[in-house]
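1. Everything below, folded, please.
(one chain, ligands or ions: 2)
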Amino acid sequence: MVLVGSGAGPRLHAPMTATGGCNSVPRRRFRTKASAGLGVSTDASSASAFRVSQRHTDYVVAEGVLDTEMLEKLEQFLKRKRPQPAKMKNEGGNSDDERKARYNDRDSKVSWFNARTECSWLHDRLAEVARTVANVEWPMLQVDPTTGQLKCDYEDTQYAVYGPQQHFKAWHQDAYADGHDPEDARQITLVVMISNKKDYTGGFLQAKLPGPDGKQIARSLRLDAGDVAVFPAKRLVHRVTSVKTGIRKTLVFWASDKVSCHYHRDLMKKQEEVVPRPLSQTCVDRLGIPCS
Ligand SMILES: O=C(O)CCC(=O)C(=O)O
Ligand SMILES: [Fe+2]
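-> Ligands and ions are numbered 1, 2, ... in the order given. The predicted model follows:
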């Protein structure tokens with residue numbers, strides 16, 4: 001059993017805010033799955049132990065990232081959201097990437113929020129998983145030597161709700177190394193399961209993996225409420241099969257690095273080109289008149 005995570009998780013004494021109380025965490029004592037397994041009861045400040053329960057070259061599952069009380073808190077916060085039908089990748093943009101057509105097979109409702117500002121304990125918890133699990137399995141992001149934190153951007157978090165017959169059936173990656181969209185900056189994906197297994201049937205998160213004889217196989221990841229599937233965004237091909245009964249809810253949290261993506265690199269290059277040269281570097285002729 002690999003226990004990971006440290007005390008940098010939820011904040012105990014953050015004030016209640018207008019965000020449905022999301023920025024505070026219950027103060028009473030609770031047990032994580034991992035600590036429960038060891039017979040150790042902890043309070044919130046030390047409740048950050050979670051364990052990697054499934055491991056593959058292209059993904060891991062961290063079990064018990066959110067415990068019962070965190071899930072309850074999150075549910076209260078998410079009640080205020082109004083998920084809307086998810087936009088397709090090829091809707092509303094002007095990119096002509098061929099991959100967009102393949103991305104199109106999706107039917108779910110989504111809502112987006114800034115976890116850092118709206119639900120800081122959640123942000124801290126998921127950033128901790130990105131740091132201690134993802135960036136250890138696949139070191140892709142730089143680490144700030146003074147704080148130990150990842151040097152990256154965090155995109156808005158996606159809250160997805162799938163009812164009966166809803167799905168994200170298109171096999172897809174969350175980012176493409178050769179893509180030209182802003183979201184191609186994604187390096188690490190965390191899919192956070194927030195529904196209990198018993199609340200729905202179907203709706204498997206599947207990974208496309210190399211199988212025997214060079215064939216590819218679809219493997220369903222086992223996820224219960226509070227578990228997180230972690231994978232490199234530019235590598236794992238995955239999908240969500242149709243929900244048969246009940247409601248399936250997830251969060252998707254991405255850690256991104258602009259330098260890993262054409263879109264931002266091109267943008268930065270253009271910005272460098274239009275930035276005026278500092279005066280000291282400006283060319284002047286013998287009379288002091290600027291020349292080009
Ligand atoms: O809801 C899920 O399990 C994953 C959704 C997903 O793959 C995505 O939004 O990119
Ligand atoms: Fe995805």
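
2. Show me what residue of this protein gets nearest to ligand 1.
-> residue 250 (3.7 Å; CB to the nearest ligand atom). Every residue, glycine included, has its C-beta placed from N, CA and C.

3. which stretch of helix or strand covers that residue?
-> Under the criterion of DSSP states H and E, residue 250 resides in strand 248-256.

4. what pairs with that strand, and is each one parallel or antiparallel?
-> strand 153-154 (antiparallel), strand 157-162 (antiparallel), strand 186-193 (antiparallel) (DSSP bridges).

5. if we can go back for a sec, and the residue of the chain closest to ligand 1, how many neighbours?
-> The number of residues packed around residue 250, counting by other CB atoms under 10 Å, is 24.

6. For it, list the residues it contacts.
-> Going by CB atoms under 8 Å, 6 or more residues apart in numbering, residue 250 touches 159, 160, 191, 192, 193, 194, 195, 205.

7. Next up, the contacts around the spatially closest residue to the fifth one that is not a sequence neighbour.
-> Read that as residue 193. Nearest non-adjacent residue to residue 193, counting by CB to CB, 6 or more residues apart in numbering: residue 223, 4.0 Å away. Each residue near residue 223 by CB under 8 Å, 6+ apart is listed here: 61, 191, 193, 197, 205, 229.

8. Pretty sure the last one sits in a strand.
-> So that's residue 229. Yes - counting by DSSP: H, G, I helix; E, B strand; the rest coil, residue 229 is found in a strand.

9. Just list whatever residues bridge to it.
-> residue 61, residue 191.

10. Might you enumerate the residues of the stretch 101-250 of the chain proximal to ligand 1?
-> Proximity of the stretch 101-250 of the chain to ligand 1 (CB under 6 Å from any ligand atom) is limited to residues 158, 160, 168, 174, 191, 205, 238, 240, 250.

11. So the closest residue to the first one other than its chain neighbours versus residue 233, what's the distance?
-> With sequence-adjacent residues excluded and distances taken as CB to CB, 6+ apart, residue 158 is closest to residue 252, at 4.3 Å. Going from residue 252 to residue 233 by CB to CB, to the nearest Å gives 10 Å.

12. cool, and residue 105?
-> For residue 105, the distance to residue 233 - CB to CB - is 19 Å.

13. more neighbours, those two?
-> Set residue 105 next to residue 233 and count neighbours by other CB under 10 Å: residue 233 wins out with 26 against 14.

14. Where does pLDDT dip in the protein?
-> 1-21, 23, 25-48, 88-104, 264-265, 276-292 (pLDDT under 70).
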